[in-house]
Every structure is written in C-alpha cells, then in structure tokens.
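**Q** Structure of the sequence below:
(2 chains)
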There are 2 protein chains.
Amino acid sequence: MFDTLPGSITPRMNGAKLEVEGWKRGVTEKNNSSFYVFGDMRKHQRNLRKNRLFIVVSLVVILFVLYKFNYVSISNISPPFSSNKVPLIIVITPTYKRPTRLADLTRMSNTLSHVPHLHWIVVEDSHNKVKHVEKLLQRSTLPYTYIAVRTIPGYPKRGWYQRTMALTHIREHTSEVLNGHENGVVYFGDDDNSYDVRLFTNYIRNVKKVGLWAVGMVGGTAVESPDVVNGSVVGFKVKWNPNRKFAVDMAGFAINLSVVLGSSAVFGTSCARGAGAPETCLLEDMGLTRGDIEPFGYDKKEEREILVWHTKTVKPTLGDNKSKGNSTAKNNAPLETNGFIFEA
Amino acid sequence: MFDTLPGSITPRMNGAKLEVEGWKRGVTEKNNSSFYVFGDMRKHQRNLRKNRLFIVVSLVVILFVLYKFNYVSISNISPPFSSNKVPLIIVITPTYKRPTRLADLTRMSNTLSHVPHLHWIVVEDSHNKVKHVEKLLQRSTLPYTYIAVRTIPGYPKRGWYQRTMALTHIREHTSEVLNGHENGVVYFGDDDNSYDVRLFTNYIRNVKKVGLWAVGMVGGTAVESPDVVNGSVVGFKVKWNPNRKFAVDMAGFAINLSVVLGSSAVFGTSCARGAGAPETCLLEDMGLTRGDIEPFGYDKKEEREILVWHTKTVKPTLGDNKSKGNSTAKNNAPLETNGFIFEA
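**A** Numbering: from 1, shown residues only, chains lettered A, B, ... in the order given. A predicted model of the protein is given here:
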C-alpha cells in the first residue's frame, strides 16, 4: 500500500534508529549504575523537533498528492463519522424486458452511481430475474435489491404492482435496506427518464415529509410543476387534470421514509381520484395534504432549472439481418445478434 | 484540514515533549561540563519505538479511513505520475437545440464524467453558443471545448459539418486539446446514444490506429458488428449496405489521434461510397484499410457485450398549457414554462 505512495517513511525511520545508536554508555562514579550521555542536548531537541516536523510535513505531502491526483476530495472530507446521519436515498425502479432496456438502465446506472448513500431497488416485471440486469447492477457499485414479480391480474402494466412490491419490501426489510442509515427518502425513478445528479443531492436528500419539483416533457406539455406562492404549493401548473390533489408525475416527488413506514398505503389496481394516474392516490392514502408539500427549485423567479425529464426511448426498428442488403426482408425471421447479448 | 481527520497527532506530540522534559540535568565531576541522564535507557528506546509505531499506525489508520469512506480508491493509486502517458479520449459531439436536448446531454455528461482523461468537444449547429449548454459543460467537471458553427449550404444536417469543424479544431489546437497528454483517440459520440463506461475505458482508450465494435439498435437491426474471424475483420454483420469498406455506424469506431493528425480528411458534403452514410468515406480518406481495423469485444464466442446503443429519444408532445384541463387546446399558443429553462 505504501509502496505506491510518494514520500518515503523508512529512511527517516532509520534516521530515528541511528539517533538511538548515537548514545554513549557510561557508568556513574557514585553508585556504579549505568547512565547514558548524549553529547549535545540542543542537537537532540532539534532531532525531536525535526521528527515532529517530518510527521506533519509527510502528512501534508501525502494529503496534497492524494488531493492533487483526485484521490481525495477536500469537499468530501466532512463529516466522515456521521455518514449514517445522511438520509439514504431509496430509488424504486420498475423495469421490463425490451430492446432498449439495457441501454436505458446503463444510462440510469451511470447517473445514480454518482450519488453516495443511495440504495437502488429494481423490480423486474417477470417471474424471473434477468442475468444481464443483475450484472449491470453489480457493476454499478451501488447497494441494490433486485426482485422479480410479475404483474398480477387486475393491476395495470407500467410498474404499479412492481412499485407496490418495492414499498412492501422496504417496510418488511427496513434495517436491511437502511444498512446503518438512520433515515431515508423514497423516490420512484423510472429507467428511461433523464436525471440531473442534483435532483438527488440537492432535492431528494433534503425531503423531510414530501418534496415536489418540476418535471420536463410530461403530460403533453413542456414543464409540469407545482404552483408556488410565498413558498407554499397552492396548485399545479399542469395541462392534464390540474384539479388532482397532487397533480404530479411519478418522477416529480419523493417521500420521507418515516411517512412510508407510518402508513400501509400502496398502489391499488386503479386510481379514480387521479383519473387513472396513481400518484395522487398514493400520496393521499399516506395521509399527506397539500400543506405538507415542500417545493424544490423555486429559489429564482426565472431561469429555474429542471432536474428531471420524463423521456422515452424510441422503439427501434428490428428486422432480420440475414438477407443482407435486402431492406424488404421479412421481419419474422429470428434476430441475428452475432453472439451479442440483446433483449428483444 | 487535519481537524476533520480522525486520530489526533497533537497529544502524542505533547507526549514527545513530555519525554524531553523528563531528562535530568547533571554535571560531570571530571570537567564540569553539562551532561544529561535519562533514568531508563530501555524506557527511552521503547518510547522511540512507540513513536515510530505511532507514525506508521497513524498513517495506516488515516489511509484506511480515507479508503473506507471512498475518499481514496486503492485501485486508482497507480500510476500517479505517468498520467500524461494515458491516451486522452477526445469525444466529438454535434448538437442542436430541441426539447429533449438538455435531457440527452445531461445523461451523456453523467456518463462521460466517469471517464478520466477525457476531453469533450461539443459543437452547436447554430451561430451562437447556448448558455445552458455551456453551464452543463462547466458542471460536468470535464475539460471541454464548446464551439458554435451553423451547417453551411451543401452539407446535410445531422452533424456532418460540426464534426468536420471539430476535426479542424483538433488539428489546429492539438496541444491545447491534449493539455500535456502525449497521445489521444478521437471518438464521435452523439448526445442521444447510450454508452457503457467500459466503451471508453476498455475499448476507445486502447485504440492504436482504428478500433471497431458492435453497436446496438442501428441500421434496422438489433446489432451491427464487424465480422471477425481469427481476430481479423473480414466483413460486417450489418443489414444495410454490408459491402461498404467500413460498414460501421458513427458510434462504432474510434481513430487514434496520430491517424487524424497524419491526414487532412474531413466529412464532405456527401458520401457516395457509403450510400449517403459518411463513416466509410472518412475512414477511407484517412488512408485506412480493413487490415488496419482492431476489433473490440470478441473475447467470447457467445454473450458478447454491447457497450454502445444507437438510441433516439421520443419527440415529446408539447401543447399550450394555459387552457388547463382542455386537452383539445390549440398548439400554436406560446409554451408556458412557469419560469423554467426549456428549449423548444
């Protein structure tokens, strides 16, 4: 470990040893007991001072080199021992097999892996987990939970049942998920959306009860956002069904773990109050009111930033590629992937 | 700086001071010169040994704590002083204003910022740079160049002219871009594609002349890839125009900087040899042949990995959101963004 670090300790350690060897043995005339004389007290004190100076200089040099080469970030060195006080961000991502899935999850993994103190719960809409998704999660270096639960009859597709199962998992395995953290915040992050890292570090991490923010490109408009007056949410700037109690997209809110654990609310098989969108039913069922909402991103009047976009990836055209050069080839032939991993 | 580090140096430094104070002053009978006696030589040696042990233990504890809390990565601690020997990855990204652009660039930035020794050249298809793109690039913490050049008449849209201008920039400002690096590799990375970080660290970084690899979801098929036999590229497993000399997508190759600098090839206004696709013309014009190709990702016969996907983001439906609840509102009213930054 030290071999690779600049600044050598050993030679100066030898220096200390040489100093010990510099002692002269003598015998007192009075009681014949041994005593040791060191020729020059000032030299000895200088050596001791040099030793101390050396320790301090070495530490400064080591830390400077580590900092210089980005091995140590000064901004991160606080507070090292209270990391369990940092609320854990728990991201719930329902997913399913499709041609663009590995690409979408890869991008999402690249984003989430920038966020410390984050636990990723990925729920596969299938009876079985998918090997290449599991490998992707392992590579992310994030703590994660990967569950496979197939949507049951009565539930709509698109992750309602998977998110419900994730909430149940959090309630039944709280300490396993928290892994030492004292508190957490739950966020529903779909795998095809686009996230600015600051959504997690500046917004989600600070949610005390329920936080809301703007989402780009959703509900048939450019931006869906809460309508904030004097720091309070008085309504919603949305095009589609603004009269919902919580007119917010799945990507537009996060809930403190204490709220999740203090309720048994899950996504039902339908949500009449949300005209089919499940968000308001969940938040209302958790006992939350508009007065509980903490709006994020309203520090400025203009040029406010969108930190999450409700993006969708274009479904690719996939044909049979055996009849090379023939663009009118039948599409019912098996996909040729030349040995590459591909979900279709 | 040290205040925040665990393990205190000062008390032990005081310990060293106390030790000095423990010395007894005496006078030799012979010549009346001062001498100093220390009661127990073994105790003194023990103290010196303890001092040394303390230094080593302190350093180990400090490094362990830094490592434990991810301030130091052991895997990164080599080789700290030869970083300019690492080839610089130069990513060229043409871009243009559109509703999904900031989302796409944000995802791409989150990916690229995982890659050390990378310079990002972003070329805006416009007469002017865009403030929010510049801010995004600044936030990425990557070294970057941001240029605005509007496509000139005769050139197709879709970045041909912007990529050409980026090649010219690299040739005219080589040492500025390299910034101390001795070599580089040039890659054309569009802002809506999906990248596995290993594409950069395992493939692109190692390209000696021209490297090729599989691309997912492109050319009307699941995977476009070189056809590799005994480590050599003998053709291309593609559906569309497999007889091109380099039947490869823009995302599927990278060129060593020495090849770029040793040629004046750029993207022309058309490419007949590529049936309209510019990749083969550029590579042929750079004097490259199929024999020069280094294929990546063929270590295994099956379960080979795709590290880049040719993804597209769905163009969102954007309406006027002033007539709330009225989904038949006219779409020619100005977009209401509630003070948020949005490109439309």
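
**Q** Check which element follows whichever strand or helix holds A:Leu136 along the chain.
**A** According to DSSP states H and E, A:Leu136 maps onto helix A:131-139. Toward the C-terminus, helix A:131-139 is succeeded by strand A:144-148 as the next helix or strand (DSSP H and E).

**Q** element containing the residue of the stretch 1-150 of chain A found nearest chain B?
**A** Nearest to chain B, among the residues of the stretch 1-150 of chain A, is A:Ala103, at 3.7 Å (C-beta to the nearest C-beta). Quick note: C-beta positions are derived from backbone N, CA and C, even for glycine. Using DSSP H and E, the element containing A:Ala103 is helix A:101-112.

**Q** and that helix, what does it pack onto?
**A** Here helix A:101-112 touches strand A:88-95, strand A:118-124, helix A:131-139, strand A:194-195, helix B:101-112, strand B:194-195, strand B:215-218, strand B:308-309, going by 3 or more C-beta pairs under 8 Å, 6 or more residues apart in numbering or on different chains; DSSP states H and E.

**Q** What distance separates the opening and closing residues of stretch A:272-279?
**A** End-to-end distance for stretch A:272-279, by C-alpha to C-alpha, to the nearest Å: 11 Å.

**Q** chain center to it: distance?
**A** 29 Å (C-alpha atoms, centre = their mean, to the nearest Å).

**Q** before we move on, what about stretch A:163-179?
**A** Relative to its parent chain, stretch A:163-179 has a centroid offset of 16 Å by C-alpha atoms, centre = their mean.

**Q** List the buried residues in it.
**A** A:Arg163, A:Thr164, A:Met165, A:Ala166, A:Leu167, A:His169, A:Ile170, A:Val177, A:Leu178 (16 or more other C-beta atoms under 10 Å in any protein chain shown).

**Q** now the residue of the stretch 1-150 of chain A closest to chain B: how far from B:Ser140?
**A** In this view, A:Ala103 and B:Ser140 are 21 Å apart by C-beta to C-beta, to the nearest Å.

**Q** Tell me which of those two has more neighbours.
**A** Ranked by neighbour count (other C-beta atoms under 10 Å in any protein chain shown), A:Ala103 and B:Ser140 place A:Ala103 first, with 26 against 19.

**Q** Setting aside sequence neighbours, what's the nearest residue to A:Gly154?
**A** A:Thr269 (4.4 Å; C-beta to C-beta, 6 or more residues apart in numbering or on different chains).

**Q** give the contact list for the one you found.
**A** Contacts of A:Thr269 were listed using C-beta atoms under 8 Å, 6 or more residues apart in numbering or on different chains, and they are A:Gly154, A:Tyr155, A:Pro156, A:Trp160.

**Q** Which positions in stretch A:260-277 come out as buried?
**A** Neighbour-count burial for stretch A:260-277, counted by 16+ other C-beta under 10 Å, picks out A:Val260, A:Ser263, A:Ala265, A:Val266, A:Phe267, A:Cys271, A:Arg273, A:Gly274, A:Ala277.

**Q** Likewise for stretch A:306-319?
**A** Within stretch A:306-319, the residues scored as buried using 16+ other C-beta under 10 Å are A:Ile306, A:Leu307, A:Val308, A:Trp309, A:His310, A:Thr311, A:Lys312, A:Thr313, A:Pro316, A:Leu318, A:Gly319.

**Q** Please apply the same query to stretch A:277-294.
**A** For stretch A:277-294, a neighbour-count test (16+ other C-beta under 10 Å) marks A:277-286, A:288, A:290, A:292-294 as buried.

**Q** Mind listing residues that contact that stretch?
**A** Contacts of stretch A:277-294 (C-beta under 8 Å, 6+ apart): A:160, A:206-212, A:226, A:232-234, A:241, A:244-250, A:252-253, A:255, A:259-260, A:262-263, A:265-268, A:271, A:273-274.

**Q** try 6 Å
**A** With contact meaning C-beta atoms under 6 Å, 6 or more residues apart in numbering or on different chains, stretch A:277-294 is reached by A:160, A:209-212, A:233, A:244-246, A:248, A:250, A:259, A:263, A:265, A:267, A:271, A:273-274.

**Q** could the buried residues of stretch A:306-319 be laid out in JSON lines, adding distance to A:Ala344 and pLDDT?
**A** Shown next, in JSON lines, are the buried residues of stretch A:306-319 (distance: C-beta to C-beta, whole Å; pLDDT from 0 to 100):
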{"residue": "A:Ile306", "distance to A:Ala344": "33", "pLDDT": "98"}
{"residue": "A:Leu307", "distance to A:Ala344": "33", "pLDDT": "98"}
{"residue": "A:Val308", "distance to A:Ala344": "29", "pLDDT": "98"}
{"residue": "A:Trp309", "distance to A:Ala344": "26", "pLDDT": "98"}
{"residue": "A:His310", "distance to A:Ala344": "25", "pLDDT": "97"}
{"residue": "A:Thr311", "distance to A:Ala344": "21", "pLDDT": "97"}
{"residue": "A:Lys312", "distance to A:Ala344": "18", "pLDDT": "97"}
{"residue": "A:Thr313", "distance to A:Ala344": "14", "pLDDT": "97"}
{"residue": "A:Pro316", "distance to A:Ala344": "10", "pLDDT": "95"}
{"residue": "A:Leu318", "distance to A:Ala344": "6", "pLDDT": "87"}
{"residue": "A:Gly319", "distance to A:Ala344": "11", "pLDDT": "72"}
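
**Q** quick one on the thing from earlier: which ones among the contacts of stretch A:277-294 map onto strands?
**A** Of the contacts of stretch A:277-294, the ones assigned to strands by DSSP state E are A:Val210, A:Gly211, A:Leu212, A:Val233.

**Q** show me where pLDDT drops low in chain A?
**A** Residues of chain A meeting the criterion pLDDT under 70: A:1-52, A:54-82, A:320-333.

**Q** at 80 instead, please
**A** For chain A, applying pLDDT under 80 flags the ranges A:1-82, A:319-334.

**Q** So the residue nearest to A:Glu343 when sequence neighbours are not counted versus B:Val259, what's the distance?
**A** Closest residue to A:Glu343 apart from its sequence neighbours, by C-beta to C-beta, 6+ apart: A:Lys97 at 5.1 Å. Going from A:Lys97 to B:Val259 by C-beta to C-beta gives 40 Å.

**Q** Same drill for these two, tell me which one is more crowded.
**A** B:Val259 (20 against 13).

**Q** quick one on the thing from earlier: list the buried residues for the helix holding A:Leu136?
**A** Neighbour-count burial for helix A:131-139, with 16+ other C-beta under 10 Å as criterion, is recorded at A:Val133, A:Leu136, A:Leu137.

**Q** The nearest residue to the last one once chain neighbours are set aside bridge partners, please.
**A** It stands for A:Leu137. Computed as C-beta to C-beta, 6+ apart, the closest residue to A:Leu137 that is not its neighbour in sequence is A:Tyr144, at 4.6 Å. With DSSP bridges as the criterion, A:Tyr144 is bridged to A:Trp120.

**Q** A:Val233 now?
**A** Residues in beta-bridge contact with A:Val233 (DSSP bridges): A:Val228.
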